[in-house]
Each structure stands twice: as structure tokens, then as C-alpha cells.
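>>> below is the structure, and that's it, no one-letter string:
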């Protein structure tokens, strides 16, 4: 059996919010565990690229947050269950209980993937999904790639694909206000600079607004996509389609901990006060889990949460002002990339909604909630535990997902059998 | 990304760059991923461990997310596609 561990501050998620929290918490003398499901720290936004060197300033940020010997980084570690102030972890080497004094949730976001005919074909991925796969070494050289969906993430995904040798045929944005969005960026010079750099990297790549991918076609692999734009329909031959409609907060662990959630449009986010404290006094949340705000607000909120957790409240006043400015950027973003109603009606009756259990939309006709859908069709009961279809159905205005039940991820039986009683008193 | 490791995918041995994900290795080998309940071919979708479409057997352990694990020397990968 694995040894049980107690830690003053446990941080779940090693993206910008978690890394900032770890850096602040380590300076206090507290024992800190930073855990992440991936092999490396950085989260999605600072994901390591196997073919290209990570910019030095990002490498420095990651290294600084982890350099202290007080921060223990647990890679490939997932929280699968919760009992009071104890977390059941699954790691490659087995299960382990970890008890915490304070917990900082930096669980980030997931990409919003919405159903349309052909979305289950191999070669159809999320836009951020394609970017993540490219950075893992997915072969893109010479492939014809279409990027579609909504938000500035599309530009980043297209730039990454191009950098990996893809022939990017175009970026198809459903919103029509990119220019107004860009014009308002003067308030955030860092973002304006970032946008200019991305535009430079995408020179020559068509950028179409008011355009939606309505169908992916192919037999066993995507070959063509139908695009509905302001000047009518077109069909493009391609090898890969990355389509994503923005991000949604990952709140499943917060839900399991009993933290209060609040609605952020169609999706929940963790409710926090100005100290990033959740409704549970020993649990803080920072970054995208508290509402999509981008990496700047994530970094600041991670630092604020850690200041609160170690009692260094005098330090967060300056951070608060910067945080408000960063969050204002998020509001600017949401205003200009609101989803067009036609995106919610792309799925047809025979379009698969639950990819794990192969459930078509028509099977949910008589279902008013997630539970009825499960009973009638097994929708949401597969390996992803409703992460994809549940979020999609909420966005489509059908019904909200049920509260998650343990285990939070599919686990090995040995992990569930680890005795929580091993945890020593703190 | 110069070092290479030897892995096997569905019994076929090949050399791939160290540090790439299992998902990327399968794609580079041109091998299929999984089939859905109805028998449709599927492949990685989210790229970050959420959708489980990329799940494969790794060293005898079934249902591992190929996008969350990096290749290592001697790794045995089985897909059911």
C-alpha cells in the first residue's frame, strides 16, 4: 500500500493559476503539493511543444513556481474521490490518499465541443484539441487543415498548426465582431501585441467571419467540410478539421467537494469571494474554474488564492486591481464572441450526441433531464462520464448535467481499495 | 526531439521520437484508434484527456487515454480499431 501524505496546501492543476499559487505558497514555509493529470506542468495554455522550444519567459515562470523544494509536483495524478479533507489520487504507480489543510482548485477549462453531422469522424477535433495534439507530435506537415468555431483560440490553434507544417485553408469564425473586438484591445496592450503577433504568423491565411461548419463529410476519415458563410455555402476538401466554440469551466471536482457553483451563461463556474475563497472555508478556486478569463487573470487569481490560504492578505490588494483589469478583458471577449443561434441547431436527429454510447439526438426526444436521458438511452454513461455530451446538451439548452459521482475518472479497482485510514493525523 | 524509442503498435515494431504522446505515435504509424459501439471508426477529439475517444491498451492495461501518456522505450500499444 502507498504511504499516506498530509500537506498544508494542495493545488489541483498546474496551469497558470496553479503555478502562481504554488510559487506564492512555497514562500510561506507551508508544505505544498501541486498535482496535474499531465506529464508536465504548464496547463493547456503553456503546454510543452515536442517540436518547438517553449519561450524562455514561460519556461522561467514554470521553473520559478516549481523551484522551491517545498513544492512537490505530482505528474500524471488525478483526483478521483473526496472524503472530508482527503483526496483519493490515482497515479501510474497506484492509488494514494492525500489530506490537505487548504485546497486550491486550479482545474482550468475544457473546450466546448458541439454536435454537427460528421463531428465523430476521425480527423475532426476541437480547435484547441488540434493545437494540443500538434504539440504532442501529431503529424501535421503537408496536411490541409480547416480551423473553425469561435474565439481568439482559433487564431492560436491555426498558428500552431501552421508552425507544424500544416496548410491552413482558413479560419472560420462564427461571430462577426472580430474587428470591433480587436479595436477594443488598446486597454490591454499585452493582448493587442499577442493578437498582432498571431496575425503576422497567419499572413495569407483566409479569416472568415460569420461562418459556420455545418457538416463534415467522409468515409472513415474527414475529407470535406461544408461551410455556411455570409456569401452562401462552400465545400472545402481537407484532411483535418479543428472546431471549438470556446471554453467552459471545469467544475467537477469543486462540485464533488460541495463548493457552491453559480451560472455563467449555460455553464456553471465556482462561486468565489475576492480572496478566491469558495463556499467551503478550506477550499479556494482560481482561474478558468471561476469563469473563463484567460491566463492573466488565472495567474493573478492563483497568487491571490495562495495569499489568502497562507494568511498574507496584505499582499493581495495590488493584485486585486490587476485582476479586475484582466477580468474586464474576459467580459470584452464574451461580448464579441457570443454564439449565434444557428450553431445550436446544427445537429440533426440522427447526429450522435453521446459519442461514448453512440446515442443519437432523436433518442433524447422524451427526456427532460440528464437522469431521464441516462435511463432511456445510456446518454452520458460512457467512459467520458458525460463530459462532452453533458456540456453540449447544456449549451443546446436541453438540460444540465447531473452532479458527478465518484470516481471522478475511470479508475483501477486497486485505487478504490486503498485504505483512507492510513492518513496520519496532521 | 532527436532521440528515438522503440515501441510496438498492434504488434508492429517501430521507432518514434522520444517525448511524443501515444496518440501522436499511433497517428504517425497510420494505425486506427478505436471503434465505437456501433462500429464507427473514432480518433482523438479533445487532445487533452476529456473525451476518451483515443483510449487504447498500453502495456496490457486497457482504456488508457493515448493523448495523456508519452511513449517510452519498449512500450506495447494495442488499439481495437
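Perfect, thanks for sending it. No experiment lies behind these values; they were computed from the predicted model shown. Residues are numbered from 1 along each chain as shown, chains lettered A, B, ... in the order given.

>>> burial check on residue 24, number of neighbours?
Using chain A here. 26 (other C-beta atoms under 10 Å in any protein chain shown). C-beta coordinates here come from the backbone N, C-alpha and C atoms, glycine included.

>>> my bad, the chain I had in mind was chain B
26.

>>> I'd say it and residue A:138 touch.
Yes - if you go by C-beta atoms under 8 Å, residue B:24 and residue A:138 touch, sitting 4.6 Å apart.

>>> give the contact list for whatever residue of chain B ends up closest to chain A.
Chain B approaches chain A most closely through residue B:20 (3.0 Å), counting by C-beta to the nearest C-beta. By C-beta atoms under 8 Å, 6 or more residues apart in numbering or on different chains, the contact list for residue B:20 reads A:50, A:136-137, B:1, B:28, B:70-71.

>>> swap the cut-off to 10 Å and go again
A:50-51, A:135-139, B:1, B:5, B:27-28, B:70-71 (C-beta atoms under 10 Å, 6 or more residues apart in numbering or on different chains).

>>> out of everything not next to it in sequence, what's closest to it?
residue A:137 (3.0 Å; C-beta to C-beta, 6 or more residues apart in numbering or on different chains).

>>> equivalent analysis for residue A:384, please.
Per C-beta to C-beta, 6+ apart, closest to residue A:384 is residue B:52, 4.4 Å.

>>> surely the one you found is in contact with residue A:386?
No - the criterion here is C-beta atoms under 10 Å, and residue B:52 misses it with residue A:386 at 11.0 Å.

>>> can you get me a residue count around residue 57?
Since no chain was named, I'll use chain A. Residue A:57 has 7 nearby residues by other C-beta under 10 Å.

>>> if you could check chain B rather than the one you did, that'd help
16.

>>> which secondary structure element contains it?
Per DSSP states H and E, residue B:57 falls inside strand B:55-58.

>>> give the buried residues for the helix or strand following that strand.
Scanning forward in sequence from strand B:55-58 by DSSP H and E, the next helix or strand is strand B:61-65. Buried residues in strand B:61-65, counted by 16 or more other C-beta atoms under 10 Å in any protein chain shown: B:64-65.

>>> so which elements touch the least confident helix or strand in chain B by mean pLDDT?
Least confident helix or strand, chain B: strand B:61-65 with a mean of 94, by mean pLDDT, DSSP states H and E. Secondary-structure packing of strand B:61-65 (3 or more C-beta pairs under 10 Å, 6 or more residues apart in numbering or on different chains; DSSP states H and E): helix B:22-28, strand B:55-58.

>>> tell me which of these sits most buried.
helix B:22-28 (a mean of 25; mean count of other C-beta atoms under 10 Å in any protein chain shown).

>>> apart from its neighbours in sequence, what residue is nearest residue A:162?
residue A:168 (5.1 Å).

>>> tell me the contacts of the residue lying farthest from the centre of chain B?
Using C-alpha atoms, centre = their mean, the residue of chain B lying farthest from its centre is residue B:38. It sits 21.1 Å away. The neighbourhood of residue B:38, defined by C-beta under 10 Å, 6+ apart, consists of A:120, A:352, A:357-358, A:360.

>>> hmm, back to that, overlap in contacts, residue B:24 and residue A:138.
In contact with both residue B:24 and residue A:138: A:50, B:44, B:47, B:67, using C-beta under 10 Å, 6+ apart.

>>> okay, the last one: pLDDT?
Residue B:67 carries a pLDDT score of 98 in this model.

>>> in chain A, what residue is nearest chain B?
For chain A, C-beta to the nearest C-beta, closest residue to chain B: residue A:137, 3.0 Å.

>>> let me know the pLDDT of that residue.
What the model reports as pLDDT for residue A:137 is 98.

>>> ok, now which ones touch it?
A:49-51, A:164, B:1, B:16-21, B:23-25, B:27-28, B:70-71.

>>> grab the nearest non-local neighbour of residue A:186.
residue A:192 (6.3 Å).

>>> quick one: residues in contact with the helix or strand hosting that neighbour.
Secondary structure from DSSP H and E places residue A:192 in helix A:189-201. Helix A:189-201 is contacted from outside by A:152, A:154-156, A:158-160, A:162-163, A:178, A:181-186, A:188, A:205, A:207, A:294, A:296, A:326, A:329, A:332-333, using C-beta under 10 Å, 6+ apart.

>>> hmm, try it at 6 Å
A:155, A:159, A:182, A:185 (C-beta atoms under 6 Å, 6 or more residues apart in numbering or on different chains).

>>> give me the phi and psi for residue A:296.
phi -70, psi -50 (degrees, to the nearest 10).

>>> was I right to think it contacts residue A:326?
Yes - with contact defined as C-beta atoms under 6 Å, residue A:296 counts as touching residue A:326 (4.2 Å).

>>> hang on, the earlier thing: so the residue nearest to residue A:384 versus residue A:355, what's the distance?
9 Å (C-beta to C-beta, to the nearest Å).

>>> ok, residue A:73 next?
Applying C-beta to C-beta to residue A:73 and residue A:355 gives a distance of 32 Å.

>>> if we can go back for a sec, which ones among the contacts of residue B:20 are found in helices?
A:135-136, B:27-28 (DSSP state H).

>>> between those residues, which is nearest residue B:56?
Nearest to residue B:56 out of these is residue B:27 (C-beta to C-beta; 11.8 Å).
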